[in-house]
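Trainee: Starting from these lines, generate the structure:
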Amino acid sequence: MILLPLVCWLNQLPAQHPYSIEQELRSYFEKIDYWARFNDSAHPDLSKFDSLEAANQIFRSSLLAHTAAYPSTMNYEFKELEALGLHIRTSPDRQFRIYSWDTYTGGTAHIYDAVMQYKSDNKVYSRSVHAPDGDFSRWYSNIYQLKTEQHTWYIGLYHAIFSAKDHYQGVKLFTIENSRLNDQPKLFKTRSGLRNELGFSFNFFSVANRPERPVKLIYYEEDEQKLFLPEVLQDGKVTKKMMIYQFNGDHFIQIQ
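Mentor: As a prediction, the model looks like this:
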């Protein structure tokens, strides 16, 4: 019930320095962690889950308002928020950015939220992203870029966690058209038809000894416009054999 007044108030604010914006966002983001750690058994009169949901809504609304109102946020690093767990990834041309975070409203299956910010005609826009019904939420660890004469395509590398063992990794395509973010362009040509995403489930324990975090199983070579995905066995074990998709000027087609 406090979200609408909060957004209206934010939209009426005069120009703010990104540092001031970060401090405000940090105060809201820290509430998510506070309620995630809250011991509700010691306070039966309080609902941890409701408070956690509210904290996420307030942070999301504030982030949406600031990223839509202030172009300076597009290039600001928000190091303090990143240190607290907000994942911020920006495209190489700095026209598209994804903010994603763990809401801590899930259990072993993590539930993430995301806000996407983009620039068009020297204006900034932002929109909230919710997983479709029956789909899973994800956080983004990288944004690759593919530029053609007609379009600039963004390839978001994302991760999902269903349990300690069961993970998912994939890529999703985006483009900006007529001041709108199109999150459904279909450039991946597969046996089942054109798709907007490519991805796979895998057993995390089969790659747990890899040093990097998050574990990065998908790679993109910008110069050759090639996308590399590992083959995964039925039991979820990740193999060293790679599937390669290359952009042919119209679509990504599998060449190996």
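Trainee: quick one, helices of the chain?
Mentor: Taking DSSP state H to define them, one finds helices in the chain at 3-11, 18-37, 48-69, 79-83.
Trainee: Quickly compare the ones you listed and say which is most buried.
Mentor: A comparison of those by mean neighbour count, using mean count of other Cβ atoms under 10 Å, puts helix 48-69 on top with a mean of 19. Using the backbone N, CA and C atoms, a C-beta is placed for each residue, glycine as well.
Trainee: elements contacting it?
Mentor: helix 3-11, helix 18-37, strand 96-102, strand 112-120, strand 123-129 (3 or more Cβ pairs under 8 Å, 6 or more residues apart in numbering; DSSP states H and E).
Trainee: relative to helix 18-37, how tilted is it?
Mentor: Relative orientation of helix 48-69 versus helix 18-37 (axes from the mean of the first three to the mean of the last three Cα atoms, to 10 degrees): 160 degrees.
Trainee: angle of helix 48-69 against strand 96-102?
Mentor: For helix 48-69 and strand 96-102, the angle between their directions (the same axes, to 10 degrees) works out to 170 degrees.
Trainee: Return the alpha-carbon coordinates of helix 48-69 using CSV.
Mentor: The C-alpha coordinates for helix 48-69 follow below in CSV (Å, rounded to 0.1, in the frame of the first residue of the first chain):
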residue,chain,number,x,y,z
LYS,A,48,8.9,-12.7,7.8
PHE,A,49,7.7,-13.7,4.3
ASP,A,50,5.3,-10.7,4.0
SER,A,51,8.0,-8.3,5.2
LEU,A,52,10.5,-9.8,2.8
GLU,A,53,8.0,-9.5,-0.1
ALA,A,54,7.4,-5.8,0.9
ALA,A,55,11.1,-5.1,1.1
ASN,A,56,11.6,-6.5,-2.4
GLN,A,57,8.7,-4.5,-3.8
ILE,A,58,9.9,-1.2,-2.3
PHE,A,59,13.4,-1.8,-3.6
ARG,A,60,12.1,-2.7,-7.1
SER,A,61,9.8,0.4,-7.2
SER,A,62,12.6,2.7,-6.1
LEU,A,63,15.1,1.2,-8.6
LEU,A,64,12.5,1.5,-11.4
ALA,A,65,11.8,5.1,-10.6
HIS,A,66,15.4,6.2,-10.4
THR,A,67,16.6,4.3,-13.5
ALA,A,68,13.8,5.8,-15.5
ALA,A,69,14.2,9.3,-14.2
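Trainee: Which one, of the helices of the chain, ends up nearest to L217?
Mentor: Comparing these against L217 with Cβ to Cβ, the closest turns out to be helix 79-83 (22.7 Å).
Trainee: hmm, who's touching that closest one?
Mentor: 22-23, 25-26, 29, 88 (Cβ atoms under 8 Å, 6 or more residues apart in numbering).
Trainee: Also stretch 146-157?
Mentor: Identification of contacts with stretch 146-157 by Cβ under 8 Å, 6+ apart yields 89, 91, 93, 95-96, 98, 140-145, 169-177, 185, 187, 216, 218, 220, 222, 225, 227, 247, 249.
Trainee: what's the span of that stretch from first residue to last?
Mentor: End-to-end distance for stretch 146-157, by Cα to Cα, to the nearest Å: 13 Å.
Trainee: I'd like the distance between the residue nearest to Q145 when sequence neighbours are not counted and L146.
Mentor: Computed as Cβ to Cβ, 6 or more residues apart in numbering, the closest residue to Q145 that is not its neighbour in sequence is P92, at 4.8 Å. Counting by Cβ to Cβ, to the nearest Å, the gap from P92 to L146 is 10 Å.
Trainee: same thing with M242?
Mentor: M242 is 19 Å from L146, where distance means Cβ to Cβ.
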